[in-house]
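# Here you go, sequence then predicted model.
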Amino acid sequence: SGGGGGNGGNGGIVQVTNNANITTWGNNSQGILAQTIGGGGGDGGSNFGLFASGGSGSLGGNGGPANVVTVGVTNSGAIVTHGQDSNGILAQSIGGGGGNGGNSGGLVSLGGDGASTTNGGIVEVTNTAAGSISTDGKQSAGIFAQSVGGGGGNGGTSGGLFSAGGKGGAGGNGARVTVINAGDIETGKNGAGSVNSAGIFAQSVGGGGGNGGGAFSGGIGFSVAIGGAGGSGGTSGAVEVLRDANDTAYSIITHGDQSDAVFAQSIGGGGGNGGFSVSGAVGVLALAMGGAAGNASDGNIVTVETAGSLTTYGQGSRGIFAQSIGGTGGNGGAAIAVAVNATGTFAAAIGIGGDGGAGGASKLVTVSSLSDISTAGSNAGGIVAQSVGGGGGNGGYSIGGAIGGAVGIAVNIGGKGAGGGYGADVIVGSSGSIHTKGNNSTGILAQSVGGGGGNGGFTISAALGGGAASVGLGGAGADGSNAGN
């Protein structure tokens, strides 16, 4: 078999305390950059022979130790950045991605499994009443705080008389992200072109599951191909944007388009797709089975508490945007099977599509605003709070054909779709004024949405012979899920 890859190294702990003035002028020049990133896992080696097995991928490194604050920043100084891609504070923890499984080829062939991966660490940022942040350029948030789980490795592909794709690895978890703000923030001072420059951007993201490996099979007499299963997604952490203990009033102003004053989001990791399968035989039997998809994981709780004033001028720039989203389930793998035995008596082709993965649920979203909120652009709501369940994955399709001298039989079954995730409750409290100028700009939008169910896989089935039969059964679709209050 192929050798396994090496593990990625772990990130450490980063702590920054600033009491001074900081000014940067160039592009890609953060005021404060505090970041820890786990190393990616190595890929498994490929292997080709009579009996061949690809090596498994290896773990990525953690984005820092578990259950402690991995990245912490406290600012009490004045931070000014003038270039693009230059956040005032960038605090980030990222888990390393899992290694991919190795490929294989032989009479009997097994693709290597992708590695499950590691988690992002806890991120905390505090901008005190003595701190202030100003940015000029595009993609330059005042505070950008993020925790991201690593993505699972993909399974290896296989080819042979009997072949099975490797499994995808599970995604890592995002961790808690907390921002406490009491200081003034102004972003995108160059104007509307300074897009994607939120005042505060706080996000936790679960890593996506790896895709299952594909399988190809061909032979004389018979052939079997089985796609690998997709990996599950990682959960996301809670996201909090909070006032300080004294409810200190502050001002957040954004000038660019798509630049919310406060953006807080928790997204569960999506499931990996099942591996496809293709089987072709000059003989009596061709069997193909698509891999099952991975389930998605849940989003987490989102809490936003603000004070003072929030002002945005750009298009699509909301005062407060708070959202929890369940991950989307992976799609089942497709199956294609063809058997030809025109001079013999019997040929059968059987194809079974893989089932889709379930969508993840969202969690409670709570907004407590003491702020006066003003937005000037279109599609710029004052407060937008949403809890959205993830959609279920679709079942894999199945296509098959058989030609037999006397009897040809083709049986194809589509994979089942998977159910969507639940939407959770949304709670909004606002005691300040809200003023919106543009079109499609609701004062307060509070919304809970259940995830849609996945579609069943379709089938195409055909057979020829002195006695021929073909059966095609489409996969069942799945129900959507309920919303909260």
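Cool, the structure landed.
# And Ser158, what's its pLDDT?
On the pLDDT scale, Ser158 is placed at 94.
# Distance of it relative to Ser279?
According to CB to CB, to the nearest Å, Ser158 stands 12 Å off from Ser279. For glycine as for every other residue, the C-beta is placed from the backbone atoms N, C-alpha and C.
# Counting neighbours, go ahead and name the busier of the two.
The neighbour count for Ser158 versus Ser279, taken as other CB atoms under 10 Å, is higher for Ser158 (36 against 31).
# Surely the more buried one and Phe216 touch.
Yes: the pair formed by Ser158 and Phe216 meets the contact definition of CB atoms under 8 Å, at 7.3 Å.
# pretty sure Gly105 contacts Phe51?
No: if you go by CB under 8 Å, Gly105 and Phe51 don't touch, sitting 10.9 Å apart.
# So the two - more neighbours on which side?
Ranked by neighbour count (other CB under 10 Å), Gly105 and Phe51 place Gly105 first, with 18 against 14.
# Contact partners for that one?
By CB atoms under 8 Å, 6 or more residues apart in numbering, Gly105 lies in contact with 48, 52, 158-160.
# now swap in Ile460 and tell me
Residues near Ile460 by CB under 8 Å, 6+ apart: 397-400, 412, 472.
# which residue is nearest the middle of the protein?
Gly269 (3.9 Å; CA atoms, centre = their mean).
# Can you name the residues that contact that one?
Contacts for Gly269 (CB under 8 Å, 6+ apart) come out as 149, 171-174, 205-209, 232-236, 296-297, 327, 360.
# swap the cut-off to 6 Å and go again
Listed by CB atoms under 6 Å, 6 or more residues apart in numbering, the contact partners of Gly269 are 171, 206-208, 233-234, 297, 327.
# Over to Gly314?
Taking CB under 6 Å, 6+ apart as the criterion, Gly314 is in contact with 192, 256-257, 259, 377.
# mind redoing it with 10 Å?
Residues near Gly314 by CB atoms under 10 Å, 6 or more residues apart in numbering: 188, 191-197, 254-260, 375-380, 438.
# returning to that earlier point: go through the contacts of Gly105 and name the one nearest Val428.
Comparing these against Val428 with CB to CB places Ser158 closest, at 51.7 Å.
# what sits against that closest one?
When contacts are counted by CB under 10 Å, 6+ apart, Ser158 touches 47, 52-54, 101-106, 108-112, 164-166, 213-217, 225-228, 275, 277.
# Now, those residues that are in strands?
The members of the contacts of Ser158 that map onto strands under DSSP state E are 47, 52-53, 104-106, 108-110, 164, 215-217, 225-226, 277.
# Narrow the residues you listed to just the buried residues.
Burial by neighbour count, judged by 16 or more other CB atoms under 10 Å, picks out 47, 52-53, 104-106, 108-110, 164, 215-217, 225-226, 277 from these.
# Checking Leu33 next. Helix, strand or coil?
With DSSP: H, G, I helix; E, B strand; the rest coil as the basis, the three-state label of Leu33 is strand.
# Ignore what I typed, I meant Val304.
Val304 is classified as strand under three-state DSSP.
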